[in-house]
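**Q** Need a 3D model of the sequence below.
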Amino acid sequence: MAAAHVSGVAAMIKKAHHEWSPAAIKSALVTTADPAGPGDALASEGASYFVTGSGEVNAVKAMDPGLVYDLTASDFIPYLCGMRLREMVEQAHASCAATGEIAAKDLNYPSVMIVMGDEVKRVEAKRTVTNVGEPAETYRAEVTAPGVDVAVNPSTLVFSDIGQKRDFVVTVRRQASTPAKAVIEGELKWVSEKHAVRSPVVVVVGETAASSSAGHSYGDERIES
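**A** Sure, this is the predicted structure:
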């Protein structure tokens, strides 16, 4: 039932914004979803983001997300190179030598997952947002992730036109009190007068990282709407 519901909302967004890419539509669904609260069946027994995703789709908000995290097919080439999947890249008639590579944590998803091995004290994840809201709009970052320090730079994004893009970096640092092994959940919100663009944040700390990152110590993004 959820798949049909989400597909229907995605079709509504595509009709209203025919120029949006599949990634932009997905971003709109994820960043405007209503978080699963204590009274939600999805959140029973303290279920994590890996169970609830970003929450429950909000069709009205998804039509006007304010900002989107966009991706094109070519953006996946350096990602695949970073995953050491060079055969797939060659089948697409591309070259890792030409495109370079990025870590999975830097793929421009509307969620952030960072893996910190035992000796890692600080990790950065890069993101780019595109303005699809008001032509002139200013957003300020609000971030929570109990157990680690999270900084967003820049912490304010100013837009003057539709389609403008702005880059930012999310930096996660261990605290003295950060557990040796933990899966820490939080969120990053870009808030303006008219929009709140929310991204789930997961930080996997310690030996737990080995299984959570599927062998890729630099991180992964897997939060779905």
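
**Q** And the residue nearest the centre of the chain, how close does it get to Glu193?
**A** Taking C-alpha atoms, centre = their mean as the criterion, Ser111 is the residue nearest the geometric centre of the chain, at 1.7 Å. As defined by C-beta to C-beta, to the nearest Å, Ser111 lies at a distance of 24 Å from Glu193. In short, each C-beta sits where N, CA and C put it, glycine included.

**Q** what about the protein, any weak spots by pLDDT?
**A** Judged by pLDDT under 70, the chain has its weakly predicted residues at 1-2, 37-47, 207-225.

**Q** any chance you could map the helices in this protein?
**A** Counting by DSSP state H, the segments of the chain that form helices are 2-16, 22-31, 49-52, 59-62, 76-82, 86-91, 96-99, 208-212.

**Q** Kindly export the fifth one (C-alpha atoms) in PDB.
**A** Written as PDB, here are the backbone C-alpha positions of helix 76-82 (Å, rounded to 0.1, in the frame of the first residue of the first chain):
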ATOM      1  CA  PHE A  76      26.500   8.300 -10.100                       C
ATOM      2  CA  ILE A  77      29.700   7.700 -12.100                       C
ATOM      3  CA  PRO A  78      32.100   9.000  -9.600                       C
ATOM      4  CA  TYR A  79      30.000   7.400  -6.900                       C
ATOM      5  CA  LEU A  80      30.400   4.000  -8.600                       C
ATOM      6  CA  CYS A  81      34.100   4.700  -9.000                       C
ATOM      7  CA  GLY A  82      34.400   5.400  -5.300                       C
END
